[in-house]
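Engineer: Have a look; sequence and predicted model below, questions after that.
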Amino acid sequence: MAADPASDRELVARVGRGDRAAIRLLFIQHHARVYRFVARQTGSESMADDIANEVFLEVWKKAATYEGRSEVSTWLLGIARFKALSALRKRKEDPLDEETAAAVADDGDTPEMVALKEDKAAALRRSVDALPEEHRTVVDLAYYHGRSVGEISEILAIPVATVKTRMFYARKKLGEALRAAGYDRGWP
């Protein structure tokens with residue numbers, strides 16, 4: 001049901017004067033919209049129902065302070081958003097029992113794997129540092145600063161084809177250096 005902003009304002013003014021019929025009308029006109037908004041915010045129908053009711057209780061208490069700077073529907077959704085955020089902050093997570101915790105897979109690396117990765121990363125950094133300046137700069141910009149080939153071309157004032165050629169030779173030299181250090185191309 002589309003509500004008329006002028007009649008909504010009049011209803012809020014009447015609610016501010018204690019008119020129970022006006023709060024019922026406001027509730028009928030806006031409850032579904034407030035409920036749907038809160039349900040999307042919280043992901044919980046029961047929480048949405050409680051919060052939507054709290055919104056209209058808040059309107060009953062604070063209608064006299066409504067200044068009309070926004071539409072009534074916007075004001076109601078603002079109250080709903082604040083109440084939903086507050087409820088989500090208060091909601092505690094369900095405790096995890098020991099059996100459930102034991103069933104959760106541990107995707108973390110073992111200490112040995114961490115050490116292998118750190119060693120390979122250090123070898124890779126040494127290999128990058130050993131590259132000729134023109135190759136090292138391209139690799140640094142691409143992999144450590146996340147620049148695209150086009151951006152590297154602009155930064156270094158060289159053609160895109162030159163950037164691609166330097167990247168090709170830099171990767172080739174890095175692969176050779178890592179193989180010589182005993183590392184394959186894959187990450188441990």
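Structural biologist: Now that the structure is in, tell me what you want to look at.
Engineer: make it CA atoms for all contacts and neighbour counts henceforth
Structural biologist: OK.
Engineer: Extract the C-alpha set from stretch 130-143 and format it as CSV.
Structural biologist: In CSV, the C-alpha atoms belonging to stretch 130-143 read as follows (Å, rounded to 0.1, in the frame of the first residue of the first chain):
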residue,chain,number,x,y,z
ALA,A,130,69.7,-10.4,-8.9
LEU,A,131,67.8,-9.5,-12.1
PRO,A,132,69.1,-6.7,-14.4
GLU,A,133,67.6,-3.3,-13.4
GLU,A,134,65.2,-3.2,-16.4
HIS,A,135,63.8,-6.6,-15.6
ARG,A,136,63.7,-6.1,-11.8
THR,A,137,61.8,-2.8,-12.2
VAL,A,138,59.1,-4.4,-14.4
VAL,A,139,58.7,-7.4,-12.0
ASP,A,140,58.6,-5.0,-9.0
LEU,A,141,55.9,-2.8,-10.5
ALA,A,142,53.8,-5.8,-11.7
TYR,A,143,54.0,-8.2,-8.7
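Engineer: Now do the buried residues in it.
Structural biologist: 131, 135-139, 141-142 (16 or more other Cα atoms under 10 Å).
Engineer: quick check, nearest of those residues to residue 160?
Structural biologist: Proximity of the buried residues of stretch 130-143 to residue 160 (Cα to Cα) peaks at residue 138, which lies at 11.3 Å.
Engineer: Run through who's touching the helix or strand that contains that closest one.
Structural biologist: Per DSSP states H and E: residue 138 is located in helix 133-139. Helix 133-139 has contacts (Cα atoms under 8 Å, 6 or more residues apart in numbering) with 128-130, 152, 163, 166-167, 169-170.
Engineer: now swap in stretch 169-182 and tell me
Structural biologist: So stretch 169-182 is contacted by 123-124, 127-128, 131, 135-136, 139, 184-185 (Cα under 8 Å, 6+ apart).
Engineer: of those, closest to residue 67?
Structural biologist: Nearest member of the contacts of stretch 169-182 to residue 67, counting by Cα to Cα, is residue 139, at 59.2 Å.
Engineer: Export the host helix or strand of residue 87 to PDB, keeping only CA atoms.
Structural biologist: Using DSSP H and E, residue 87 sits within helix 72-90. Only the C-alpha atoms of helix 72-90 are listed here, as PDB (Å, rounded to 0.1, in the frame of the first residue of the first chain):
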ATOM      1  CA  VAL A  72       8.100   9.400   7.400                       C
ATOM      2  CA  SER A  73       9.000   6.200   5.600                       C
ATOM      3  CA  THR A  74      12.600   7.200   5.600                       C
ATOM      4  CA  TRP A  75      12.500   8.100   9.300                       C
ATOM      5  CA  LEU A  76      10.900   4.700  10.100                       C
ATOM      6  CA  LEU A  77      13.600   2.900   8.100                       C
ATOM      7  CA  GLY A  78      16.300   4.900   9.800                       C
ATOM      8  CA  ILE A  79      14.900   3.900  13.200                       C
ATOM      9  CA  ALA A  80      14.700   0.300  12.000                       C
ATOM     10  CA  ARG A  81      18.300   0.300  10.700                       C
ATOM     11  CA  PHE A  82      19.600   1.600  14.000                       C
ATOM     12  CA  LYS A  83      17.700  -1.000  16.000                       C
ATOM     13  CA  ALA A  84      18.800  -3.800  13.600                       C
ATOM     14  CA  LEU A  85      22.400  -2.800  13.900                       C
ATOM     15  CA  SER A  86      22.100  -2.600  17.700                       C
ATOM     16  CA  ALA A  87      20.400  -6.000  17.900                       C
ATOM     17  CA  LEU A  88      23.100  -7.600  15.700                       C
ATOM     18  CA  ARG A  89      25.800  -6.200  17.900                       C
ATOM     19  CA  LYS A  90      24.100  -7.700  21.000                       C
END
